[in-house]
Each structure stands twice: as structure tokens, then as C-alpha cells.
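1. just the structure for this:
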Amino acid sequence: MAGVVEGEGSWCISIKRHPTHPLGYYVQPEFFVYQHRKRRELLEMAQEIFEGGRIWPKPGNPDVLVFAINSRKTISRHLLPFMRQYMRFSSRRSDMDMFEDAMHLFDLGLHRRPAGLATIVEIAYAMNHDGKQRRRSMDEVLDRILRGHTLNTLR
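-> Here you go, the predicted structure:
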């Protein structure tokens, strides 16, 4: 399973804009593994090993299946210990370490405070090739979080 995760796995911190959230954004740790539908058994094995997660067809490509864990509890109890034990020598070790650092901040409840949320956002942008796939700039997100968020009642 460590080889599957190394080759086809992905962990990230999603940053989602939310107009009614007090800080304007919320963050969600996520773990994914992608496989062709013919290899569904690998994803079902991942579901057993990590004691959770869902499997569904990838939007826009039904031949590819996605296994995802979005539960912080499942990530903390099952995914992180697996990563520590079996992926110590991963080529993506720095991303894994940053992901684990962010999970620690979630466990402390710091994602509910502007400074803690900002730190998690900074970690998210440092992961996965310095956030090259992100739609918004880090400055745009941090500006909204740190300068306060006012609910837009006109929408």
C-alpha cells in the first residue's frame, strides 16, 4: 500500500472560500488515491487499511476511481500512523511532514483563529510544489483572513 500511496496518492489542505464563515475561508485536510476502475481492489484495500474513506468515479473520467479521506479523525488515527511507519523514506517526505504539522494545528483547534488559520494556509501553499495548482494567490487568502471578514448580506 505504501507503494500505491507513493505513486498514486496525494495529500493536501483544501482552502475553500465561504461567504458566511467568520474568517471568509475554511480549510480541509484531504487524502486521495487514484486508480483505474479495473484496480478497484487496491482502493478497497486502502479503505480497509485506513478504516474509512469513500470511493467514487473521478468527475470527467469515469474510468478512474478516487479513494478519499476527508475526516480529520480518520486521517489522525489511521493515515498519519501509516505514513510514519511505512513511508519514512518517501521522496515526498517534506510534503508529508508539512501535512502532519497542519494536522497538529487542527488538533489544537487553531484553524478557528485567524493566526492559526493563516499558518495552515501558509503550510498548504508550501506543499505540493509550492501551491502551483492553487486558483487564488496566498496573499489574497491571507488578506481576507487576517484583515477580518465581514459577511456580505447583499448576496
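
2. tell me where the chain has helices.
-> For the chain, applying DSSP state H gives helices covering 2-8, 40-49, 72-74, 80-86, 93-107, 114-131, 138-146.

3. and the longest strand for the chain?
-> For the chain, the strand that runs over the most residues, judged by DSSP state E, is strand 25-36.

4. tilt between that one and helix 114-131?
-> Taking axes from the mean of the first three to the mean of the last three Cα atoms, to 10 degrees, one finds that strand 25-36 is oriented at 30 degrees with respect to helix 114-131.

5. tell me what strand 25-36 is packed against?
-> helix 2-8, strand 9-17, helix 40-49, strand 61-69, helix 93-107, helix 114-131, helix 138-146 (3 or more Cβ pairs under 8 Å, 6 or more residues apart in numbering; DSSP states H and E). Backbone N, C-alpha and C define where each C-beta goes, glycine included.

6. so which of those comes closest to residue 24?
-> Counting by Cβ to Cβ, residue 24 lies closest to helix 138-146 out of these; the figure is 4.2 Å.

7. next one: the closest one to chain centre, how far?
-> 19 Å (Cα atoms, centre = their mean, to the nearest Å).

8. could you do stretch 32-40 as well?
-> 19 Å.

9. which positions in it come out as buried?
-> 32-35 (16 or more other Cβ atoms under 10 Å).

10. out of those residues, flag the one nearest to residue 3.
-> Within the buried residues of stretch 32-40, distances to residue 3 taken as Cβ to Cβ reach their minimum at residue 33, with 11.2 Å.

11. sketch out the low-pLDDT regions of the chain for me.
-> Scanning the chain for pLDDT under 70 picks out the ranges 131, 148-155.

12. and the gap between residue 3 and residue 94?
-> Distance from residue 3 to residue 94, counting by Cβ to Cβ, to the nearest Å: 19 Å.

13. what about the closest residue to residue 87 other than its chain neighbours, how many neighbours?
-> Nearest non-adjacent residue to residue 87, counting by Cβ to Cβ, 6 or more residues apart in numbering: residue 2, 5.4 Å away. Residues near residue 2, counting by other Cβ atoms under 10 Å, number 15.

14. now the one 5 residues further on
-> Counted with other Cβ under 10 Å, the burial measure for residue 7 works out to 9 neighbours.
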